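> Below is the sequence, then the predicted model.
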There are 2 protein chains.
Amino acid sequence: MSEPRRAAAETETQAGALAAALARPEPPPLMREQALETVKDAIISGRLPPGTRLIEREMCAALGVSRSIVREVIRQLEADRLVQVAAHRGPRVAELTAKTAREIYDLRAELEVLLVKDFIRNAADIEVTQLVALAPEVAAAAAANDIDDLVVIMRHFYGVLVVGADNTVAADILETLHARISRLRVLAMSEPGRISCSVREISEIVAAVEARDPARAEVATRAYVNAARDAALRQIARG
Amino acid sequence: MSEPRRAAAETETQAGALAAALARPEPPPLMREQALETVKDAIISGRLPPGTRLIEREMCAALGVSRSIVREVIRQLEADRLVQVAAHRGPRVAELTAKTAREIYDLRAELEVLLVKDFIRNAADIEVTQLVALAPEVAAAAAANDIDDLVVIMRHFYGVLVVGADNTVAADILETLHARISRLRVLAMSEPGRISCSVREISEIVAAVEARDPARAEVATRAYVNAARDAALRQIARG
DNA sequence: CCTCTTTTTTTGTCAGACAATCTGACCGTA
DNA sequence: TACGGTCAGATTGTCTGACAAAAAAAGAGG
């Protein structure tokens, strides 16, 4: 009984390896996905500020796609809470109140703590090394006061974290939260003194991860996210 | 300067109150929302089991709507992770692996802890009373072994919790997680002995909330969700 | 200045079309 | 029989055009 099943399992494994090796990461991109990415990026970067009306016809013209596509994209952005849609009134880029921002940061803290702990538990040594290698990069970008570069490096940081933590559910949700506060994060980083402070906090997280010390990592991660939250809320309060 | 503004604010407030009082909670329901709710309910209840293909034309016929609507609905379900869509291959009701289930339950624990703590901090006394009043109902339904009733009561329980906690972000995300594991939750509840166990755990949560003791509530909530997780994973393991 | 109409804009929905792609059946060959 | 190749049908991805209903804007009148 086990002979044929073993054989089947073997061919399956081989096929799986083949598929993985040959998988094209870029199957002919769907219009819908390109359009979604374009609009999402425009919102996240702030080129479409909160409150902006997203009129279907204009979106069609701007994106070069049909209304069908635009409407599907809107539905996805709505589900991600990046746009708010009132019936018969059309979608607008979502506003971010202080209350909502606080809620997002508080939940973000829990998610990042969860991910860092999972990273400590699940990540291979090479992934830990990758994370450790990012700490000096963060420091360098901070020293140069290059916020754009810092954003890129932090995105990389979270990329390594997410892969090593191997927790898709938490990673997906954290990504939606990050998207919602992305403008705010950049704003908060431009607060004088915030950058050098966050460098220290991130270094501490990395050090705790390197030591594979979950309790220490939790404290460090909470400190980092809470400080970011307070800076963000100050920015909102200033208008 | 403040006089006219006060007057304006007053009429605005009055108008707002009127609008709130007369607001029909049911503005002519959009086809798309009805369709979404119908499909979502079918998935959550298990009438559309995981893996089921959702063919556009068939959905149109079944729901009595056009393809535009069906496709918009699919996009929303995709964003909620209730369906998985492969390009050119169409959507299927999402499968739930043991790994994903574990991740969902672990995150659910964090979210419910967060919400319970917020409830303790923010809820009015009357809301605490409402929650306390649900404990005996849970016990009664459990004693009668009426799982359907228990599901309804637990939905009510979370409704009260969410309103009192006043944390929309966490509530929304918890709702999507609950949706993804809803079949599993029912399955887990049918495990012999699980119900009476969960009654005790829920009573302890309620007692901790009534005492407004966050630390105790956290312990109780974790115990409840972790027990639910273990029961759920056992069900998955059994096939 | 406020209020009531009338237009204009925009959304919500449908129907039909067509190319690109996937699936499964069929078929010849070794 | 097992395997690789071909072809027709099914299905998705996308576009266009249409129209009723709702909301917003513009005018008219007091």
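Yes, it's here.

> pLDDT of stretch A:176-184, averaged?
Averaged over stretch A:176-184, pLDDT sits at 97.

> Quick one: distance of it to the chain centre.
8 Å (CA atoms, centre = their mean, to the nearest Å).

> Tell me where the model's unsure across chain A.
A:1-25 (pLDDT under 70).

> Which residues are in contact with the residue in it positioned nearest to chain B?
Proximity of chain A to chain B (CB to the nearest CB) peaks at residue A:79, 3.3 Å away. All C-beta spots, glycine's among them, are computed from the backbone N, C-alpha and C. Residue A:79 makes contacts with B:75-76, B:79-80, as judged by CB atoms under 8 Å, 6 or more residues apart in numbering or on different chains.

> one more time with 10 Å
A:176, B:75-81, B:176 (CB atoms under 10 Å, 6 or more residues apart in numbering or on different chains).

> Quick one, which of the residues you listed are buried?
B:75-81 (16 or more other CB atoms under 10 Å in any protein chain shown).

> Show me chain A divided up by domain.
A:31-93, A:98-238 (automatic domain parsing).

> Now do the contacts for the spatially closest residue to residue A:42 that is not a sequence neighbour.
Leaving aside its sequence neighbours, residue A:42 sits nearest to residue A:48 (CB to CB, 6 or more residues apart in numbering or on different chains; 4.5 Å). By CB under 10 Å, 6+ apart, the contact list for residue A:48 reads A:39-42, A:54, A:82-83, A:92-93.

> Surely residue A:48 is within a strand?
No: according to DSSP: H, G, I helix; E, B strand; the rest coil, residue A:48 belongs to no strand; its state is coil.

> Compute the distance between it and residue A:54, please.
Distance from residue A:48 to residue A:54, counting by CB to CB, to the nearest Å: 8 Å.

> which residues in chain A form strands?
A:83-86, A:90-93 (DSSP state E).

> For residue B:236, which of those is the nearest?
strand A:83-86 (35.9 Å; CB to CB).

> where's that closest one relative to the chain centroid, distance-wise?
Distance, centroid of strand A:83-86 to centroid of chain: 22 Å (CA atoms, centre = their mean).

> Same question for stretch A:208-218.
With CA atoms, centre = their mean, you get 22 Å for stretch A:208-218.

> could you check whether that stretch is close to chain B?
No: Stretch A:208-218 lies apart from chain B when judged by CB under 10 Å from any CB of the partner chain; the minimum separation is 11.9 Å.

> So which bits of that stretch are buried?
So, applying 16+ other CB under 10 Å, buried residues of stretch A:208-218: A:208-209, A:214, A:216-218.

> do the same with stretch A:103-123
For stretch A:103-123, by 16+ other CB under 10 Å, it's A:103-120, A:123.

> and residue A:84, how far is that from residue A:93?
8 Å.

> typo on my end, it should be residue A:152
Distance from residue A:152 to residue A:93, by CB to CB: 23 Å.

> Look up how far residue A:52 lies from the residue of chain A at minimum distance from DNA strand C.
Here chain A gets closest to DNA strand C at one residue, residue A:90, 3.0 Å apart by CB to the nearest atom of the strand. For residue A:90, the distance to residue A:52 equals 11 Å [CB to CB].

> what touches both of those two?
residue A:83.

> so how far is stretch A:120-140 off the chain centroid?
17 Å.

> er, stretch A:71-81 I mean
17 Å.

> ok, now stretch A:102-112?
Distance, centroid of stretch A:102-112 to centroid of chain: 13 Å (CA atoms, centre = their mean).

> Let me see the contact set for the spatially most central residue of chain A.
Nearest residue to the geometric centre of chain A (CA atoms, centre = their mean): residue A:175, 3.3 Å. Contact analysis of residue A:175 by CB under 10 Å, 6+ apart lists A:80, A:111, A:158, A:162.

> out of the buried residues of stretch A:208-218, what pair is the most spread apart?
The widest separation within those (CB to CB) is 11.0 Å, between A:209 and A:218.

> shared neighbours, those two?
Common neighbours of residue A:209 and residue A:218, counting by CB under 10 Å, 6+ apart, are A:116-117, A:120.

> Restricted to helices, list those residues.
A:116-117, A:120 (DSSP state H).

> hang on, the earlier thing: the buried ones among the contacts of residue A:79 in helices, which ones?
Per DSSP H, the buried ones among the contacts of residue A:79 map to helices at B:75-79.

> Quick check: the gap between residue A:52 and residue A:60.
16 Å.

> what's the answer for residue A:237, then?
According to CB to CB, residue A:237 and residue A:60 sit 38 Å apart.

> okay, the two: which has more neighbours?
residue A:60 (17 against 8; other CB atoms under 10 Å in any protein chain shown).

> OK, contacts around the more buried one?
Residue A:60 neighbours (CB under 10 Å, 6+ apart): A:35, A:66-71.
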